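J.: Sequence first, predicted coordinates after that:
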Amino acid sequence: MDTKYSVPALDRAHAVLSLLAENPYAWKLSDISKQLGISKSTLHSLLHTMERLQWINRDRNETYAVGSALGNFGSAYFRQFDVIDEFRRAAEPVMRKLQESVQLARLDGNEVLYLAKIEAPSPVQMVSGPGVRFPAHSTGLGKALMSDMDAGQVRDLLPHEQLPKRTVHTIDSREAFIQELAKVRRIGYALDIQEGVMGFCCVSAPIRRRGEIIAAVSCSMPVHTWETKREETIQDMTKLAATLSTSL
């Protein structure tokens, strides 16, 4: 992997965590310094920061072990696979009923990252498989995933008032997008009417764990079938999101 843009402090933190994971509460600052070749002054600041973030713990003997934050990160890593497994199980009958593709995604920065897709047997498909990314402001999934954010959080994530348009229908004003999120928050689902991809419409609803949005589901379809399936799709997507929120 290209190391041109590596952050040395993170490399050092990774080395410390790897060492502590193998032998918890066996290493003092001086021992870690010698083992990893990091100066004591640099290591002192690094360990202090990592302890504050709960990446590591320090006991009364001044030895270190990995902290609770690492456990939370690990749990989050494995929970995402639980979400995908539950989605595949619950979304399959919804796809068969609607005869339209159903997607699962999460927010990654200011982008939507697709995690899974139950594909309908249709010759007309939107490109939305696992690993595909879209700007969050241009999709129903993005609206659902960001719907709990206040205006300040949205402005932090989208630093420019002018938003790039993917189609002629894409919301291109940050303030208009903030207003759209308020509507999604109020009604519980988001619509994308040819905003991300011309010729396709979509309904999306958020999945929550302990009240926090962790992912979202959506159903996309060609515009020519939208009017006949719109209300049924809204009902089925909000029900699917609620089912997944409960099961998780």
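T.: Arrived safely.

J.: how about the strands of the protein, start to end?
T.: 56-58, 64-66, 101-108, 111-118, 133-135, 190-193, 200-209, 212-222 (DSSP state E).

J.: Of those strands, which is nearest Thr170?
T.: strand 133-135 (8.4 Å; C-beta to C-beta). Glycine gets a C-beta too; all of them are placed from N, C-alpha and C.

J.: Buried residues, that closest one. List them.
T.: Within strand 133-135, the residues scored as buried using 16 or more other C-beta atoms under 10 Å are Phe134, Pro135.

J.: what does it rub up against?
T.: With contact meaning C-beta atoms under 8 Å, 6 or more residues apart in numbering, strand 133-135 is reached by Asp108, Asn110, Glu111, Val112, Leu113, Tyr114, Leu141, Gly142, Leu163, Pro164, Arg166, Gly196.

J.: so where's this structure uncertain?
T.: 1-4, 75-81, 123-129, 248 (pLDDT under 70).

J.: Let me see the domain layout of it.
T.: As given by automatic domain parsing, the domain ranges for the chain are 8-66, 78-247.

J.: so which of those comes closest to Asn72?
T.: domain 8-66 (8.4 Å).

J.: can you tell me the distance between the two ends of the closest one?
T.: 20 Å (C-alpha to C-alpha, to the nearest Å).

J.: any chance of the domains of the chain in JSON lines, plus distance to Asn72?
T.: Shown next, in JSON lines, are these (distance: least, C-beta to C-beta, whole Å):
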{"stretch": "domain 8-66", "distance to Asn72": "8"}
{"stretch": "domain 78-247", "distance to Asn72": "10"}
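
J.: From those domains, pick the one with the highest average neighbour count.
T.: domain 78-247 (a mean of 18; mean count of other C-beta atoms under 10 Å).

J.: Good, we can wrap up now.
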